[in-house]
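Trainee: One predicted model, sequence on top.
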Amino acid sequence: MNILFVASECAPFVKTGGLADVIGSVPKALETLGHSVRIMLPAYPDLKKWLKHGKTLLELEDLFGGPASVSAARANGLNLLLLDAPHLFDRPGSIYLDEEGLDWEDNPTRFGALSLIGAKVGLDGIGGWKPDVVNAHDWQAGLVPVYMHQSGRKAPPSVMTIHNIAFQGLFDGSVRHPLGLSEDLYEPDGYEYWGHVGYLKGGIAMADKVTTVSPTYARELLTPDFGMGLDGLLQSREDDLCGILNGIDTEVWNPETDPALVQPFSARSLKHRCANREWLEQHFEIEPDPESPLFCVISRLTTQKGLDLLLEAIPSLVHRGARLIVLGSGDKKLEISYKAMASQFPQSIGVEIGYNEDLAHKMQGGSDAILIPSRFEPCGLTQLYGLRYGTIPVVARTGGLADTIVDANAAALAGKCATGIQFSPITVEGVEKAIARTCDLFKDKKNWKTMMRRAMVQEVGWDQSALLYERLFTSLLND
């Protein structure tokens, strides 16, 4: 089966969140099952070097204001189709934001172009390769099913994957004209959304199937609390909606071989984790204490991630003798508040604003528990990294967090199947109680080590999920 992925980012080349990790992993897993996968990406500056090693397969004189081309390149074990449109993608800073932190004004055009060319490759193929299935990811590729549908031609079946419905790609209705979108589809059953062009909405409405990144999140999306205005549309497509859990790259995230760790370890050599913990205590300049848990947070600092709730719970955490280290960036008020907490409790709280992949690996390899108090979480990846490294996830009971963590209740502890701690409701009090449970459980060294070992042998890779994607794609071809 030939499968085309269309997305705006892909690890390790360009990454702002979990979407990139998925796009960098699923194609590899599908190829091990015998399928041919191509990933269409914009040729951002960091991807330009691969153009030199690639082969130009398509040239366009004008793509929404400038020349463009598509080149095929093999990089990091992935087959890439790079859309080189310098007037749209060759610019400094974030791939989505300008130097002032605002959305690029031409984002509708930039990702409309990505969708248009993704649809063209879906319909015509490229370089002698033609997809049997097209999988569009998030709003940036949401118009792919729309463009294929409006062509009036026989198109390969399409799948729209929602990684986070909070980001929908809503733009003024006037953008439909320069993008060449069909007027007939500018309606509630198409890509129109309250006078706007809805990129994600269009993809959900026009795709043959809709997926998201965990079974629980798929159910949550059908409700007003989580559907964010698209719950009615998703309810109408409930039979075509399914949740497939994300996984992680278990070669990159492997505590036995991770070059970022001070000392590698396994479930059979947990004592070697101590060196990583000691390094973290020194790096963040917090007080060493082997008798109290070291919590970590590796996250965007946003209210979606519940980090305003955790902020209010920090005094309770410190009062219990625990420590907390934080790596992340995001909301400026939260950044300032976390730095203030580090100043107020310098022996217990350490904060580093920004993102550092090497440090993230070290934090997973040396912390005792990772806190993820998200108000909603489509799937989440950091809890999966935590499982892999024996860093016990302490998570809100929502979305993929609920699907991937077995709560350490009495029955799970007795059955030796617990892998973390879940909590609800998602409030300050809920966070405080989860921290208290973790601190109490940490004192029970036997149960804690059993839980760590159980966590480390959980299936967190892509093997099972790749089979589900394969089954879904195959079912479309058999319809």
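Mentor: Noted; the coordinates are in hand.

Trainee: just the helices in the stretch 301-450 of the chain please.
Mentor: Under the criterion DSSP state H, counting those that start in this stretch, helices of the stretch 301-450 of the chain are mapped to 307-319, 332-344, 357-366, 382-389, 399-404, 410-414, 428-443, 445-456.

Trainee: Next, the angle from the longest one to helix 445-456.
Mentor: Orientation note: helix 428-443 sits at an angle of 110 degrees relative to helix 445-456 (axes from the mean of the first three to the mean of the last three C-alpha atoms, to 10 degrees).

Trainee: what's the answer for the third one, then?
Mentor: Between the axes of helix 357-366 and helix 445-456, defined by the same axes, to 10 degrees, the angle is 140 degrees.

Trainee: which parts of helix 357-366 are buried?
Mentor: The neighbour-count criterion (16 or more other C-beta atoms under 10 Å) identifies 359-366 as the buried residues of helix 357-366. In short, each C-beta sits where N, CA and C put it, glycine included.

Trainee: quick one, what contacts the residue located most distally from the centre of the chain?
Mentor: The centre of the chain is farthest from one residue, residue 61, which by C-alpha atoms, centre = their mean lies 34.7 Å away. Each residue near residue 61 by C-beta atoms under 8 Å, 6 or more residues apart in numbering is listed here: residue 67.

Trainee: Then residue 73?
Mentor: Residue 73 neighbours (C-beta under 8 Å, 6+ apart): 50-51, 53-55, 79-80, 82.

Trainee: ok, the buried residues of helix 357-366 vs residue 439, which is closest?
Mentor: The shortest separation between residue 439 and any of the buried residues of helix 357-366 is 17.9 Å, and it belongs to residue 366 (by C-beta to C-beta).

Trainee: Now for that closest one: which residues touch it?
Mentor: By C-beta under 8 Å, 6+ apart, residue 366 lies in contact with 261-262, 273, 275-280, 294.

Trainee: which of those residues count as buried?
Mentor: By 16+ other C-beta under 10 Å, the contacts of residue 366 give 261-262, 273, 276-277, 279-280, 294 as buried.

Trainee: ok, residue 55 - how many residues close by?
Mentor: 9 (other C-beta atoms under 10 Å).

Trainee: beta partners for it?
Mentor: Following DSSP bridges, residue 55 is listed with bridge partners residue 72.

Trainee: Where does the prediction get shaky in the stretch 301-450 of the chain?
Mentor: Judged by pLDDT under 70, the stretch 301-450 of the chain has no weakly predicted residues.

Trainee: now the end-to-end length of stretch 185-200.
Mentor: 14 Å (C-alpha to C-alpha, to the nearest Å).

Trainee: What of stretch 379-394?
Mentor: End-to-end distance (C-alpha to C-alpha), stretch 379-394: 14 Å.

Trainee: Quickly note the distance from the residue farthest from the centre of the chain to residue 119.
Mentor: 18 Å (C-beta to C-beta, to the nearest Å).

Trainee: Report the two of the buried residues of helix 357-366 separated the most.
Mentor: Applying C-beta to C-beta across the buried residues of helix 357-366, the maximum distance is between 360 and 366, 11.3 Å.

Trainee: list the contacts for residue 33?
Mentor: Counted by C-beta under 8 Å, 6+ apart, residue 33 has contacts 466-467, 470.

Trainee: Local confidence estimate at it?
Mentor: pLDDT for residue 33: 96.

Trainee: thinking again about what came up before, buried among the contacts of residue 33? Make that a ChimeraX selection.
Mentor: In ChimeraX, this line selects whichever of the contacts of residue 33 come out buried by 16+ other C-beta under 10 Å:
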select :466,470
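
Trainee: out of the contacts of residue 33, which one sits closest to residue 41?
Mentor: residue 466 (20.1 Å).

Trainee: Hmm, the closest one is touching residue 29, no?
Mentor: Yes. Residue 466 is in contact with residue 29 according to C-beta atoms under 8 Å; the separation is 3.6 Å.

Trainee: all strands of the stretch 51-200 of the chain, in order?
Mentor: 55-60, 68-75, 78-84, 133-137, 158-162, 170-172, 192-193, 196-198 (DSSP state E, counting those that start in this stretch).

Trainee: looking at those, which is buried most?
Mentor: Neighbour counts (mean count of other C-beta atoms under 10 Å) averaged over each of the strands of the stretch 51-200 of the chain peak at strand 133-137, with a mean of 29.

Trainee: how does this structure divide into domains?
Mentor: 2-247+462-478, 270-456 (automatic domain parsing).

Trainee: which stretch among those comes nearest residue 257?
Mentor: So among these, domain 270-456 is nearest, using C-beta to C-beta, at 11.3 Å.

Trainee: Mark which of the contacts of residue 33 are part of helices, please.
Mentor: Applying DSSP state H to these, the entries found in helices are 466-467, 470.

Trainee: just these now: which is nearest residue 127?
Mentor: residue 470 (23.8 Å).

Trainee: if I look at the residue found closest to the closest one once you drop the neighbours it is linked to in the chain, how far off is residue 465?
Mentor: Distance criterion C-beta to C-beta, 6 or more residues apart in numbering; nearest residue to residue 470, sequence neighbours excluded, is residue 33 at 5.6 Å. Note on residue 33: its distance to residue 465, by C-beta to C-beta, is 11 Å.
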